[in-house]
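*Asks:* build the 3D model from these lines:
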Amino acid sequence: MYENGGTAWVAYRCHNADFPEPGSGASANHPGFDEYCAVLRFTGVESLTLGPPGDERLYEHPLHDAGLEPSSFHVVEDSDEATEGETAHWIVSFHDETLEVIAEDADVFEARVDVSTPEQALSQIGK
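*Replies:* Model prediction:
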């Protein structure tokens with residue numbers, strides 16, 4: 001994660017949907033073994049927190065009943081934390097922790113950066 005002047009970039013490792021089934025006999029150069037990351041960009045950031053709970057304890061999150069799911073990206077409608085009409089409340093649940101952002105806007109800055117760590121992805125995009 002990198003934050004500067006009200007803009008935050010968050011990189012994370014993606015699950016490769018082409019990962020071969022165990023026992024498939026896939027060779028080492030099978031595209032399913034490729035590792036890559038994605039980068040999200042939040043602008044007009046008012047607050048940003050990263051921490052517990054992870055997927056296994058997501059039920060403990062105060063907004064769990066709003067439909068939070070493991071390893072997912074959520075926009076919380078009618079959030080008490082967001083300023084009406086000016087900001088939105090995003091929750092991104094990762095395996096080990098949860099990201100919460102109150103910001104004006106969010107977008108997928110890069111859907112695929114062919115690196116194996118989030119730190120490398122941020123350095124690839126110049127952050």
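
*Asks:* just the strands from the chain, written as ranges.
*Replies:* 2-4, 7-13, 37-43, 47-51, 73-76, 88-93, 98-103, 105-113 (DSSP state E).

*Asks:* now these in a markdown table, with mean pLDDT and distance to residue 120?
*Replies:* From N, CA and C alone the C-beta is placed, and that goes for glycine too. A markdown table is the format used below for those (pLDDT from 0 to 100; distance: least, Cβ to Cβ, whole Å):
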| stretch | mean pLDDT | distance to residue 120 |
| --- | --- | --- |
| strand 2-4 | 88 | 13 |
| strand 7-13 | 93 | 8 |
| strand 37-43 | 94 | 7 |
| strand 47-51 | 91 | 19 |
| strand 73-76 | 85 | 22 |
| strand 88-93 | 89 | 19 |
| strand 98-103 | 92 | 19 |
| strand 105-113 | 91 | 8 |
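
*Asks:* tell me which of these lies nearest to residue 124.
*Replies:* Minimum separation from residue 124 across those (Cβ to Cβ) falls at strand 105-113, 5.3 Å.

*Asks:* next, the angle from the closest one to strand 7-13.
*Replies:* 40 degrees (axes from the mean of the first three to the mean of the last three Cα atoms, to 10 degrees).

*Asks:* can you show me the CA trace of strand 105-113 as CSV?
*Replies:* Coordinates of each C-alpha in strand 105-113 appear next as CSV, following Å, rounded to 0.1, in the frame of the first residue of the first chain:
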residue,chain,number,x,y,z
ASP,A,105,-13.6,7.4,-5.9
ALA,A,106,-12.0,4.0,-6.6
ASP,A,107,-10.9,2.2,-9.7
VAL,A,108,-8.8,-0.7,-10.8
PHE,A,109,-5.6,1.0,-11.8
GLU,A,110,-3.9,-2.1,-13.2
ALA,A,111,-5.8,-5.4,-13.5
ARG,A,112,-2.7,-7.4,-14.1
VAL,A,113,0.9,-6.7,-13.2
